[in-house]
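S.K.: Can you look at this prediction? I've put the sequence above it.
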Amino acid sequence: MEGVIDAPMRARLTSIGGYSRCVTEFVRVTDVLLPERVFFRLCPELLGSGCTPAGTPVYVQLLGSDPKALAVNALRAVALGAHGIDLNFGCPAKTVNNSMGGSILLREPQTVAGIVQAVRDAVPAQVPVTAKIRLGYDDYNSLAEIVDGVHKAGATELAIHARTKFNGYKPPAYWDAVRPVMDDKRRTNTIINGEIWDVADSVAAMQRSTCSHVMLGRGALSAPDLAKRIHQNDETSAPMAWHLLVEEVRDQFICSDQNSERHIGNRTKQWLAYLKRNYPQAQSLFARIRTLHDAKGIEKAFDAHKREDLHELDEIKSDVTIH
C-alpha cells in the first residue's frame with residue numbers, strides 16, 4: 001500500500017486493534033546496499049522498538065530481483081531492529097514490473113525461490129522471513145511450483161493475493177484457487193489476501209482457500225476497525241462511527257500529509273477514496289478538499305464538514321425517525 005499506509009497510518013490502525021503485525025511500504029532494492037537513512041525513512045519504528053506505539057511488530061518489506069543485494073539489505077534491516085523481513089512478489093504496478101520487481105518475477109518460480117533462500121540464509125534463524133505472491137503472472141499454471149519453492153526455501157509464512165498480475169485489483173478474488181496448493185502444514189502458515197472488505201469476507205476467504213489467516217490492505221483503509229472485528233469474529237457489528245473516524249482522518253492529515261508542499265492533502269484524499277466504500281460522509285468531505293492543496297484551506301474544510309455536512313445528515317436522520 002505504497003503512499004498511504006505509512007508509519008502514522010500503521011500507528012493509527014494498530015491502536016484500534018486486531019493486527020498481529022504490519023509490513024512497511026516497499027523498500028526498492030537494486031544492486032547496492034542502501035544507507036541506513038532509507039530504512040529509517042520508510043520504517044521510523046526502527047528508531048524505537050521496531051513496533052508501532054501499540055506494540056505491533058513491523059516487518060521491513062523489500063522489493064527487487066537481485067538475491068545478493070536483497071540478502072545484504074535484509075541483514076542491514078535486521079541489524080537496525082526489524083522484527084522480520086517481507087519479500088514483495090505481488091506488486092502489479094507497471095513501473096515496478098518494468099524494473100524487474102514485484103509480480104513479474106512470478107514468471108520465474110526458481111528466481112522467487114532463490115531470492116527467498118538467499119534472504120533466509122543471510123538473516124538470523126530466529127528472524128521471520130515472509131513472502132507475498134499472487135496466483136501467478138497471467139495464469140495459475142505455476143502456482144504450485146511457486147508455493148512449493150517458497151516453502152522449501154525456508155519462508156516462515158506466505159501471503160497469497162488471490163489474483164494474477166493481469167487481474168490487477170478487479171473483483172473477484174479467486175480464493176478457491178489457493179486450496180489445491182494447501183496441505184495441513186501449509187494451511188497454518190499461509191495467509192489469504194484480496195477482496196476482504198468485511199468480516200464475512202474474511203470467513204469466506206479462509207474457508208474457500210483453507211488458509212488460517214488473512215491479510216488486509218485496502219480493506220484496512222476502507223474500514224479501520226475491520227481487523228478488530230475479524231479478530232473478535234463479529235459479523236454483526238457496524239464499522240466505527242464516522243464522527244469518531246473523521247477525527248482520525250483529520251489527525252492523520254496533520255501527522256503525515258503536510259510534509260511536502262507539493263503534495264499536501266494527497267494522502268488524505270487517497271484515504272477518503274477508500275473510506276467512501278463504507279462511509280457516504282467521506283464523499284462529502286472529499287468533495288470539500290478535492291481541489292485544495294494548502295493546509296489552512298483543508299483544515300477549514302474539516303471544520304465546515306463537521307459544522308454543515310454532519311449537521312445536515314443528523315437532520316435527515318431525525319426526519320426519518322419522526323415520519
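M.R.: Good, I have the coordinates.

S.K.: pretty sure residue 289 contacts residue 298?
M.R.: Yes: the pair residue 289 and residue 298 qualifies as a contact (C-beta atoms under 8 Å) at a distance of 5.1 Å. Where you see a C-beta, it was placed from the backbone N, CA and C, and this is true even at glycine.

S.K.: joint contacts of the two?
M.R.: Here residue 289 and residue 298 have 265, 268 as joint contacts, going by C-beta atoms under 8 Å, 6 or more residues apart in numbering.

S.K.: Find the residue closest to residue 34 in space, skipping its chain neighbours.
M.R.: Of all residues not flanking residue 34 in the chain, residue 73 sits nearest, at 5.6 Å (C-beta to C-beta, 6 or more residues apart in numbering).

S.K.: Surely the one you found and residue 62 touch.
M.R.: Yes: Residue 73 is within contact range of residue 62, at 6.0 Å (criterion: C-beta under 8 Å).

S.K.: if we can go back for a sec, checking the residue nearest to residue 34 next. Helix, strand or coil?
M.R.: Each residue gets one of three states, and residue 73 gets helix by DSSP: H, G, I helix; E, B strand; the rest coil.

S.K.: can you check residue 60 too?
M.R.: Under three-state DSSP, the three-state class of residue 60 is strand.

S.K.: Quick check on the most centrally placed residue in the chain: phi, psi?
M.R.: By C-alpha atoms, centre = their mean, the chain has its centre lying nearest to residue 217, at 3.6 Å. Dihedral pair for residue 217: phi -130, psi -90, per degrees, to the nearest 10.

S.K.: domain parsing for the chain?
M.R.: 7-231, 242-322 (automatic domain parsing).

S.K.: So for stretch 292-301, mean pLDDT?
M.R.: Across stretch 292-301, pLDDT averages out at 93.

S.K.: hmm, back to that, so for residue 73 and residue 62, which residues contact both of them?
M.R.: Taking C-beta under 8 Å, 6+ apart as the contact rule, residue 73 and residue 62 both touch 27, 29.

S.K.: I'd like the distance between residue 59 and residue 205.
M.R.: Residue 59 sits 21 Å away from residue 205, going by C-beta to C-beta, to the nearest Å.

S.K.: and if you look at residue 143?
M.R.: Separation of residue 143 from residue 205 (C-beta to C-beta): 16 Å.

S.K.: Of these two, which one has the most company?
M.R.: More neighbours surround residue 205 than the other of residue 143 and residue 205, with 24 against 21 (other C-beta atoms under 10 Å).

S.K.: tell me which element that one falls in.
M.R.: Using DSSP states H and E, residue 205 sits in helix 199-209.

S.K.: For that helix, buried residues please.
M.R.: For helix 199-209, burial by neighbour count (16 or more other C-beta atoms under 10 Å) applies to 199, 201, 202, 205, 206, 208, 209.

S.K.: Which of those residues sits closest to residue 108?
M.R.: Nearest to residue 108 among the buried residues of helix 199-209: residue 209, at 24.1 Å, using C-beta to C-beta.

S.K.: could you list every residue that touches that closest one?
M.R.: 160, 162, 175, 176, 178, 179, 182, 190, 192.

S.K.: mind running it again at 6 Å?
M.R.: With contact taken as C-beta atoms under 6 Å, 6 or more residues apart in numbering, residue 209 is in contact with 175, 178, 179, 192.

S.K.: and the residue lying closest to the third one once chain neighbours are set aside, what is it in contact with?
M.R.: In space, and not counting its chain neighbours, residue 179 is closest to residue 210: 5.3 Å by C-beta to C-beta, 6+ apart. If you count contacts by C-beta under 6 Å, 6+ apart, residue 210 has them with 179, 182, 187.

S.K.: Quick one: buried ones out of these?
M.R.: Among those, those classed as buried by 16+ other C-beta under 10 Å are 182, 187.

S.K.: how many other residues sit next to the closest residue to residue 51 other than its chain neighbours?
M.R.: Closest residue to residue 51 apart from its sequence neighbours, by C-beta to C-beta, 6+ apart: residue 57 at 5.3 Å. Residues near residue 57, counting by other C-beta under 10 Å, number 19.

S.K.: All set now, cheers.
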